[in-house]
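Chemist: Below are the sequence and a predicted model; questions follow.
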Amino acid sequence: MTRATSSAPSQRMLRVGEQVRAAITQVLQRGEVRDDIIEATVISISEVRMSPDLKIATAYVTPLGVSDHSIVIEALNRNARFIRGRLGQQLRQMKYMPEVRFRDDTSFDNYKKIDELLRSPEVSRDLDGDNDEQ
């Protein structure tokens, strides 16, 4: 069996990551985690990235309506072992249950910065200049 030369995730890593994301979402939606911070916060899980050996799952989450995301991320990481145990019921087909790690998803902030740049007066001026030349 040959190893992939790129650092892009394999189809298997992507498929398992999506299964883990759905399972974590179900655990959080059912309110199985007994933590005041987690229960009081709406949490969006945008992506789960799996390690190549499928033993570590890094979940990128965005707590909605909370200004300080670090408090929610800490609460999720405190309860990661419990969440991992609850995943076992939904991910029976996996040989090893992955260790779950939670990270703050900053992709929305990046999208916002790009949008602000595209709407800036300098860019719109440059775009208007291109239309005049045509």
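Modeler: That came through fine.

Chemist: Quick check: beta-bridge partners of the closest residue to Gly65 other than its chain neighbours?
Modeler: Nearest non-adjacent residue to Gly65, counting by C-beta to C-beta, 6 or more residues apart in numbering: Val42, 6.3 Å away. For glycine as for every other residue, the C-beta is placed from the backbone atoms N, C-alpha and C. With DSSP bridges as the criterion, Val42 is bridged to Leu64.

Chemist: Okay, and Thr25 sits in which element?
Modeler: Thr25 belongs to helix 11-29 when assigned by DSSP states H and E.

Chemist: can you list contacts of the following helix or strand past that helix?
Modeler: Next along the chain after helix 11-29, taking DSSP H and E as the criterion, comes helix 36-39. With contacts defined as C-beta atoms under 8 Å, 6 or more residues apart in numbering, helix 36-39 is touched by Leu28, Gly31, Val33, Ile71, Val72, Ala75, Leu76, Asn79.

Chemist: The fourth one: what's it in contact with?
Modeler: Meaning Ile71. Ile37.

Chemist: how close does it get to Asp36?
Modeler: 11 Å (C-beta to C-beta, to the nearest Å).

Chemist: what's the answer for the last one, then?
Modeler: In this view, Asn79 and Asp36 are 11 Å apart by C-beta to C-beta.

Chemist: cool, the fifth one as well?
Modeler: In this structure, Val72 and Asp36 are 11 Å apart, going by C-beta to C-beta.

Chemist: Quick check: closest non-adjacent residue to Asp104.
Modeler: Here the residue nearest Asp104, using C-beta to C-beta, 6+ apart, is His69, at 4.8 Å.

Chemist: Please name the nearest non-neighbouring residue to the residue at minimal distance from the centre of the chain.
Modeler: By C-alpha atoms, centre = their mean, the chain has its centre lying nearest to Tyr60, at 2.3 Å. Nearest residue to Tyr60, sequence neighbours excluded (C-beta to C-beta, 6+ apart): Asp105, at 3.9 Å.
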